[in-house]
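Undergrad: fold the following for me, if possible:
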Amino acid sequence: MISNEKLLELYAAMVKCRIIGDTHPFLDATLAGVTSDLLPGDTLVPTHSALMPAPFAAMFPPNGKLHSNAAPKQNGHVPADPLTVAYEAATASRAAKTAGVAVVICTPADTSQKAWQKKMSIASRRNLPLLIVCAHDSAPAIPPPRAQKNGNPQALAFGIPVIAVDALDVVAVYRVASESIARARQRRGPTLIESVANSALNQAATNGRSPHRDAIQVMEAYLSGKGLFSPEVSRSIADKIRRELNAASRFQSN
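TA: Residues are numbered from 1 along each chain as shown. Next comes the predicted model:
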């Protein structure tokens, strides 16, 4: 069961995304839900600066290592592939027998690459503590599950369990991410989460319609139902975040 404190923490994280304003609209809930349970020693690797720009990244380090080395080539140096960075971090954690988990946040363009698919297969065989989050606003991009010999579908892609989740529902994202991170810490292998907006997930929840929902409004309605939300709560959280941002700006300018 998710505590009231954690629910408000997730809401505040999404508001922080929105105030900064540099992320894709469908990423608010995904980033808040996925990063909430990261600990010291974990590694977070976004694949593109467009996914997690510098201002956002500065506010959401996982108290461990934040890599943004998927940026364009600079000074003649070609940065390492993001999945390689996460893969190596997960390998090192496994070898050192620590609880560290590596998380890579990517797009369908990344998971469609043969090099990525090969590395994901190896990660699965080695039971690496790795979480791959494919975030986008279109139909699911991961190949459909293949059938087992008994005819039952196998929810695997390249040997990794695949879980689809509504990218506009931070509670759902958090539940899936929390369970997947716990699974990785227990050395039970990687998980691939497809966090998808405007997908069949949303249509099924609205009787076939695909309305333009807002993740923050969805969460406000959820919190209201639990008696945890009011305009005063919203203003208090937003004001606190703005104070933090102002303090951070003053520190950087000095």
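Undergrad: the longest helix seen in the chain: which residues count as buried?
TA: Longest among the helix segments of the chain by residue count, using DSSP state H, is helix 231-253. Within helix 231-253, the residues scored as buried using 16 or more other Cβ atoms under 10 Å are Val233, Ser234, Ile237, Ile241, Leu245. Where C-beta positions appear, they are placed from N, C-alpha and C, glycine not excepted.
Undergrad: looking at the residue nearest to the third one when sequence neighbours are not counted now. What's its pLDDT?
TA: It refers to Ile237. Leaving out its chain neighbours, the residue that sits closest to Ile237 by Cβ to Cβ, 6 or more residues apart in numbering is Ala12, at 4.9 Å. The score at Ala12 is 94. That number is its pLDDT.
Undergrad: go on, Lys16?
TA: Listed pLDDT for Lys16 reads 88.
Undergrad: likewise for Phe229?
TA: pLDDT, read off for Phe229, is 96.
Undergrad: number the residues from 627 up from this point.
TA: Fine by me, first position is 627 from now on; the one you just mentioned is Phe855.
Undergrad: low-confidence ranges in the stretch 627-776 of the chain?
TA: Scanning the stretch 627-776 of the chain for pLDDT under 70 picks out 648-651, 674-705, 764-776.
Undergrad: end to end, how far does stretch 644-653 reach?
TA: Using Cα to Cα, to the nearest Å, one end of stretch 644-653 lies 10 Å from the other.
Undergrad: can you get me the start-to-end distance on stretch 645-663?
TA: One end of stretch 645-663 to the other measures 22 Å (Cα to Cα).
Undergrad: sorry, back to before: now, which of the buried residues of helix 857-879 sits nearest Leu849?
TA: Closest approach to Leu849 among the buried residues of helix 857-879 (Cβ to Cβ): Val859, at 7.9 Å.
Undergrad: what's the closest of the buried residues of helix 857-879 to Ala761?
TA: For the buried residues of helix 857-879, the minimum distance to Ala761 (Cβ to Cβ) is 22.1 Å, reached by Ile867.
Undergrad: now do the same contact list for the closest one.
TA: Neighbour list for Ile867: Ala638, Val641, Lys642, Ile645 [criterion: Cβ atoms under 8 Å, 6 or more residues apart in numbering].
Undergrad: for Asn630, see how far away it is.
TA: Per Cβ to Cβ, to the nearest Å, Ile867 is found 19 Å from Asn630.
Undergrad: do the same with Glu858
TA: Taking Cβ to Cβ, one finds Glu858 at 16 Å from Asn630.
Undergrad: return the set of buried residues in the helix or strand where Ala735 lies.
TA: In this assignment (DSSP states H and E), Ala735 forms part of helix 734-737. Under the neighbour-count criterion of 16+ other Cβ under 10 Å, helix 734-737 has Pro734, Asp736, Thr737 buried.
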